[in-house]
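Chemist: Requesting a structural model of the entry that follows:
(chains A, B, C and D)
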Protein chains: 2
Amino acid sequence: MSAPALYDPYRVCPSRQLLDRIGDRWTVLIIGTLEDGPLRFSQISRLIDGISQKMLTQTLRSLEADGLVVRTVYPEVPPHVEYELSALGRTLLEPLEILRAWAVDHMDEVATARAAALG
Amino acid sequence: MSAPALYDPYRVCPSRQLLDRIGDRWTVLIIGTLEDGPLRFSQISRLIDGISQKMLTQTLRSLEADGLVVRTVYPEVPPHVEYELSALGRTLLEPLEILRAWAVDHMDEVATARAAALG
DNA sequence: TAACTCGGTATCCTTTGGGAAGTAGGCACC
DNA sequence: GGTGCCTACTTCCCAAAGGATACCGAGTTA
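Modeler: All right, here's what the predicted structure looks like:
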């Protein structure tokens, strides 16, 4: 910890709040789906296994409030809403891609360790 | 990975489970504190603002089960337990450091957006 | 003998999250 | 003209996760 006293992620401060946000169960996955361009609500919902409509709405709303995602409503019937990453949101893609790559690379080791721990 | 059909983080599969684990509120912070070497339970507890004993115990236990952290008990009184990153756990440091750097670099922008959203 | 040490459990209670169902509102079909 | 369909939510209710607090064991110190 080359520890900045002002911006210490381990303490209550803006950067810690930001880590808490990213540490959200769905945030990483939602941002990942938006990597290749804007998607509609129902498309994101279909892409991510197990997310409820409620949590998708809720997470998208706070991503919008944080300026990471842009929400565009097309006044049509039936409703048409698109979500896409803002410039700021796109800066998150690389760190998350690295994390995703780590997960894919090492999941076998973790699965083995987990199985051994149960035995 | 050229086989997204098999190892798709957005679907139920080992890599998704792993992202869920990393996406845990405390995992990232705990691993970060262990960056510079082994720490005792109470040291980690003091370093991370707001973590309860229960969650620290619980998270450390599953990190141990996943082979990311090694738990060493010294049979002394009062109890002495040390936690340190395994080789596998240390491979997570770089991805997490990148994430932490992103959080520190961009928190001002997010704070601004959040304030604007409230106004 | 009482208090202090550390790394936890046990208990209770609040907060959060998920599933299912309801809402809006204009359009197509019968 | 009434019924049903479309999407993007919203609401309700219950289960699960999480936080606060109390308590523990056992040797060592006051």
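Chemist: tell me which parts of chain A are close to DNA strand C?
Modeler: Contact residues, chain A versus DNA strand C (Cβ under 7 Å from any atom of the strand): A:D24, A:R25, A:G50, A:I51, A:S52, A:Q53, A:K54, A:M55, A:Q58, A:V77, A:P78, A:P79. From N, CA and C alone the C-beta is placed, and that goes for glycine too.
Chemist: remind me which residues of chain A are low pLDDT?
Modeler: A:1-7, A:12-15 (pLDDT under 70).
Chemist: need the helices for it, in chain order.
Modeler: Assigned by DSSP state H, chain A shows helices spanning A:14-22, A:27-33, A:41-47, A:53-65, A:87-91, A:93-118.
Chemist: one step back: return only those of the residues of chain A next to DNA strand C found close to chain B.
Modeler: A:D24, A:R25, A:G50 (Cβ under 8 Å from any Cβ of the partner chain).
Chemist: A:Q17 against B:M107, yeah?
Modeler: Yes. A:Q17 lies in contact with B:M107 (Cβ atoms under 8 Å); the separation is 7.5 Å.
Chemist: quick one, which of the two is more surrounded?
Modeler: The neighbour count for A:Q17 versus B:M107, taken as other Cβ atoms under 10 Å in any protein chain shown, is higher for B:M107 (21 against 16).
Chemist: what about stretch A:90-107 and chain B, touching?
Modeler: Yes. Judged by Cβ under 8 Å from any Cβ, stretch A:90-107 comes into contact with chain B at A:91-92, A:94-96, A:98-104, A:106-107.
Chemist: Stretch A:63-73 now?
Modeler: Yes. Interface with chain B: stretch A:63-73 contributes A:E64, A:A65, A:D66, A:G67, A:L68 (Cβ under 8 Å from any Cβ).
Chemist: The third one and B:T112 touch, don't they?
Modeler: Going back to what we said before, that points to A:D66. No. With contact defined as Cβ under 8 Å, A:D66 and B:T112 do not form a contacting pair (9.8 Å).
Chemist: Of these two, which one has the most company?
Modeler: Using other Cβ under 10 Å as the criterion, A:D66 and B:T112 rank with A:D66 on top: 23 against 13.
Chemist: who's in contact with the more buried one?
Modeler: A:R21, B:V110, B:A113, B:R114, B:A117 (Cβ atoms under 8 Å, 6 or more residues apart in numbering or on different chains).
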